[in-house]
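Generate coordinates for the sequence data below:
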Amino acid sequence: MKKQLLLAIAVFLTLASFGQNNSTNLPAYKRFPTLPPVKLLLTDSVRQFSKENFSKKNPVLIILFNPDCEHCQKETEELLDSIGHFKNIQIVMATMMPFDKMITFYKHYKLANYSNIIVGQDTKYFLPTFYMVSNLPYLALYTKRGDLITTFEGAVPIHTILQEFRK
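Numbers count the residues shown, from 1 in each chain. You can find the predicted model right below:
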């Protein structure tokens, strides 16, 4: 009888432990839904962009991109075509690709012309792990308080991004 009771308790405890939601399996951005503690090497190859540099007055759009990715290029073109709608949004574009490819992309799209766009290299490969990225471009939208609104993987219509910022 004791053996059966102990077996029943062991089975119950085992099943109960599987039923628990393990928060460590969640991606970091869901466990910590605020602006990430990132360090990006800026296009001057000297300065760094970090969490302290995120705007405290405007919402933030983080875009992870690959300069060679056609979807990333198209998303950038569409963003620039609608840049007037993003004038009060800080846009931080981050890539893990080699610095020279980032600079070529930066110059091709004349991103220096936009005061609200920051481009940097994620030299520590922090962001893909933080967001558990599987597709590019990857977009993360934050309120001006730094709280996560939502994320998108892959190309997203500009009106959808703007709609999320307006909610």
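
Let me know the secondary structure of Leu139.
strand (DSSP: H, G, I helix; E, B strand; the rest coil).

meant to ask about Phe152, not that
The assignment at Phe152 comes out as strand when based on three-state DSSP.

isn't it right next to Val133, touching?
No - the criterion here is C-beta atoms under 8 Å, and Phe152 misses it with Val133 at 11.0 Å. Every residue, glycine included, has its C-beta placed from N, CA and C.

Report the contact partners of Val133.
By C-beta atoms under 8 Å, 6 or more residues apart in numbering, the contact set of Val133 is Leu64, Leu127, Glu153.

Might you list the low-confidence residue ranges for the chain?
1-24 (pLDDT under 70).

Chain neighbours aside, what residue packs nearest to the residue nearest the centre of it?
For the chain, Ala140 is the residue whose C-alpha lies nearest the centre (C-alpha atoms, centre = their mean; 4.2 Å). Leaving aside its chain neighbours, Ala140 sits nearest to Ile62 (4.3 Å; criterion: C-beta to C-beta, 6 or more residues apart in numbering).

likewise Ile149?
Among residues not flanking Ile149 along the chain, Leu141 sits closest, at 4.1 Å (C-beta to C-beta, 6+ apart).

Which strand residues bridge the one you found?
Bridge pairing for Leu141 (DSSP bridges) gives the partners Leu61, Thr150.

can I assume it is in contact with Pro59?
Yes - the pair Leu141 / Pro59 is scored as a contact, 7.0 Å apart, by C-beta under 8 Å.

quick one: common contacting residues for those two?
Common neighbours of Leu141 and Pro59, using C-beta under 8 Å, 6+ apart, are Ile149, Phe165.

Please check the contacts of Val133 and keep the buried ones.
For these, a burial check counting by 16 or more other C-beta atoms under 10 Å picks out Leu64, Leu127.

Serialize the contacts of Val133 to TSV and add fields for distance to Val92.
Output for those, formatted as TSV (distance: C-beta to C-beta, whole Å):
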residue	distance to Val92
Leu64	10
Leu127	10
Glu153	17
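
on that earlier part again, who are the contact partners of the residue nearest to Ile149?
Each residue near Leu141 by C-beta under 8 Å, 6+ apart is listed here: Pro59, Val60, Leu61, Ile62, Leu148, Ile149, Thr150, Thr151, Ile161, Glu164, Phe165.
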